[in-house]
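Engineer: Starting from these lines, generate the structure:
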Amino acid sequence: MTKGPLVTAAAILATILIILSFAVVLVPEHIAVIGAVAGVVALIAVIVMVIMFFRMKGQS
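Structural biologist: Okay, here's the model as predicted:
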């Protein structure tokens, strides 16, 4: 199965969110910065998944 750039982007964003969740535990004094970055990454991930949804909906 060939994976497109949107699938790769979603996987990378998910990996970044997992790493940020570990960073919250390891460096709790920077939770505000880590939380802001995680929020932006999560927003981008949702946008990518919505684009994927509409592209798949258009193909069927």
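
Engineer: ok, now how distant is Ile19 from Met52?
Structural biologist: 22 Å (C-beta to C-beta, to the nearest Å). All C-beta atoms are positioned from the backbone trio N, CA, C, and that covers glycine.

Engineer: higher neighbour count, those two?
Structural biologist: Taking neighbours as other C-beta atoms under 10 Å, Ile19 and Met52 compare with Met52 leading, 15 against 11.

Engineer: Tell me which residues touch the more buried one, please.
Structural biologist: In this structure, Met52 makes contact with 6-7, 10, judged by C-beta atoms under 8 Å, 6 or more residues apart in numbering.

Engineer: What's the mean pLDDT across the helix or strand hosting it?
Structural biologist: When secondary structure is defined by DSSP states H and E, Met52 falls within helix 31-59. Across helix 31-59, the average pLDDT comes to 94.

Engineer: Tell me how many other residues crowd Leu17.
Structural biologist: The tally of other residues near Leu17 (other C-beta under 10 Å) stands at 14.

Engineer: what about it, helix or strand, and which?
Structural biologist: Under the assignment given by DSSP H and E, the secondary-structure element containing Leu17 is helix 5-26.
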